[in-house]
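> Kindly generate the corresponding structure for this input.
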Amino acid sequence: MAEDSISRRNFLTTMAVTTASASLAEPSDVVQPTRSRAANMPIKVVCNEKLSEAEVNQIKSAGKNIELQMAASQDALKKCIAEAEVVLGRLDGDTVKLAKNLKWFQNWGAGMENVLSKELIEHPCQVTNMQRTFAPVISETAIALLLSLTRGLTQVSIPAFQKKEYKEADDISLDDLYGKTIGIVGMGGIGSETARRLHYGFNMKVLATDAKPMPKPEFVAELHDPSWLMEMVPQVDVLMSAAPLTKETKQLFDSEVFSKMKPSAYFINVSRGGLVDQDALVKALKEKKIRGAGLDVVSPEPLPASHPLWTCPNLVITPHNSGEAPIRQVRLMALVSENIRRYSNGLPLLNVVDKAKGY
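Alright, predicted model coming up:
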């Protein structure tokens, strides 16, 4: 197979991100890098993440003429970044100012809201992230949060277990998901993975919105642009936030959205806490405007003990750990290595970020 015939779809499939996520790749995700050099010139790569010896060797062997330097601290990064062509890990604005030769920055996470400094946006380098890489694991947490509410684990079973009580769910009615409708805001990796699993596993109808034009997957009944949100909300039994945090999505889920939801509906957030007006969510939960909510992300993090969210009985919170699993690092390193291979061969990079849009 020719090197340039290895598509984003094939790559993501082999690293076990599933064909459903990979099939939603957009042309903007893959951009041809601009590089000119003699064939034997070294590519100076700096990484400021903690890697094992095996992972260091994996990166070095992934591409041609890779010269990898590990920076153990921010000060160490600043000392060597002037000569760096590639940075793997994290970059702040002050460090970007010193990056005179930087051509490509691989962010170590998926979210870009705290990464795209003014300096990085204005810098001519390409930026890539880990979008879709953690989606299979995060989608499991999204479904777990939902099931913990519909099956009464949050409201009854776990509190009873802590008290060593064998308690029936007399004061609440348990619910099922079979044949229900979920509305997903954001059909990137997390949204599409969750949609696929709930449709095929629970026979749920999927409605969705996304800011990027994309083909509608076969497991989605309707897919529209973000302007369709308020039309979608009253139709769903579950509303899920899976969109990136941008200027357009900040506190998107507010009192107006919660007021349009069915009283029997659930709200799930596994993207960023900043997408939610948390005071409005507390009010909706306590006044039973919605039936329950599951959050893997809040604002701020960690959530202070005095925050009113803790006083909502029909709410379950996990500490932004939805992406954690042993396979996380394997998938992350697979993506980094593939992008190193592509960059060193002058091929298009995966997961290129639109700096202006913020994702």
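> ok, residues contacting stretch 74-83?
With contact meaning C-beta atoms under 8 Å, 6 or more residues apart in numbering, stretch 74-83 is reached by 44, 46, 48, 69, 71, 87, 92, 94-95, 98-102. (Glycine included, C-beta is placed from N, CA and C.)
> buried residues in that stretch?
Buried positions in stretch 74-83, judged by neighbour count with 16 or more other C-beta atoms under 10 Å: Leu77, Lys78, Cys80, Ile81.
> Ranking by neighbours, what's the top pick from the contacts of stretch 74-83?
Val87 (27 neighbours; other C-beta atoms under 10 Å).
> Which secondary structure element is home to that residue?
Secondary structure here is read from DSSP states H and E; on that basis Val87 sits in strand 86-89.
> what do you get for Glu218?
Here Glu218 sits in a region with no helix or strand, counting by DSSP H and E.
> Can you tell me how far it is from Asn65?
From Glu218 over to Asn65 the distance is 43 Å, taken as C-beta to C-beta, to the nearest Å.
> which of these two has more neighbours?
Neighbours per residue (other C-beta under 10 Å) separate Glu218 from Asn65, with Asn65 holding more: 13 against 10.
> Next, find the distance separating the spatially most central residue of the chain from Val297.
In the chain, the C-alpha nearest the mean C-alpha coordinate belongs to Ala110, at 5.3 Å (C-alpha atoms, centre = their mean). The gap separating Ala110 from Val297 is 12 Å, by C-beta to C-beta.
> Give the burial count for Glu165, as a bare number.
As a burial measure, Glu165 scores 10 neighbours (other C-beta under 10 Å).
> If I look at it, what pLDDT would I see?
At Glu165, the model reports a pLDDT of 88.
> follow-up on the earlier one: out of the contacts of stretch 74-83, which sit inside helices?
Counting by DSSP state H, the contacts of stretch 74-83 place Asp94, Thr95 in helices.
> Ile138 touches Glu193, doesn't it?
Yes: shown here, Ile138 and Glu193 form a contact pair, counting by C-beta atoms under 8 Å, at 7.5 Å.
> okay, Val156: pLDDT?
According to the per-residue confidence, Val156 scores 86 in pLDDT.
> list the contacts for the nearest residue to it once chain neighbours are set aside?
With C-beta to C-beta, 6 or more residues apart in numbering as the criterion, Val156 has its nearest non-adjacent residue at 4.5 Å, and that residue is Ala169. The contact partners of Ala169, by C-beta under 8 Å, 6+ apart, come to Gly152, Gln155, Val156, Ser157.
> Which ChimeraX command selects the buried ones in these?
To isolate the buried ones among the contacts of Ala169 in ChimeraX, judged by 16+ other C-beta under 10 Å, type:
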select :152,155,156,157
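> Next step: the contacts of Ala169 restricted to strands.
Per DSSP state E, strands hold no members of the contacts of Ala169.
> Pick out the most distant pair among the contacts of Ala169.
Greatest spacing in these, by C-beta to C-beta: Gln155 and Ser157 (8.0 Å).
> Now distance to Asp210 too, for the contacts of Ala169, in JSON lines please.
Conversion of those to JSON lines gives the following (distance: C-beta to C-beta, whole Å):
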{"residue": "Gly152", "distance to Asp210": "32"}
{"residue": "Gln155", "distance to Asp210": "32"}
{"residue": "Val156", "distance to Asp210": "36"}
{"residue": "Ser157", "distance to Asp210": "35"}
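> For Leu309, state which of the contacts of Ala169 is nearest.
Nearest to Leu309, judged by C-beta to C-beta, of these is Gln155 at 15.4 Å.
> Let me know whether the closest one touches Asn314 as I believe.
Yes: in terms of C-beta under 8 Å, Gln155 counts as a neighbour of Asn314; the distance is 6.2 Å.
> Give me the common contacts of the two.
For the pair Gln155 and Asn314, residues contacting each of them under the criterion C-beta under 8 Å, 6+ apart are Leu149, Gly292.
> got the end-to-end distance for stretch 342-359?
Using C-alpha to C-alpha, to the nearest Å, the end-to-end distance of stretch 342-359 comes to 21 Å.
> How about stretch 66-79?
When the termini of stretch 66-79 are compared using C-alpha to C-alpha, they are 19 Å apart.
> do the same with stretch 175-191
22 Å.
> That one: which residues count as buried?
Buried residues in stretch 175-191, counted by 16+ other C-beta under 10 Å: 175, 177, 180-191.
> Of these, which belong to strands?
The strands in this structure, assigned by DSSP E, contain Thr181, Ile182, Gly183, Ile184, Val185 from the buried residues of stretch 175-191.
> what pairs with the third one across the strands?
To tie it back to what came earlier, the one meant is Gly183. Applying DSSP bridges to Gly183 yields these beta-bridge partners: Leu207, Leu239.
> quick one: contacts for it?
Here Gly183 is in contact with Leu207, Ala208, Thr209, Met232, Val233, Gln235, Val236, Val238, Leu239, Met240 (criterion: C-beta under 8 Å, 6+ apart).
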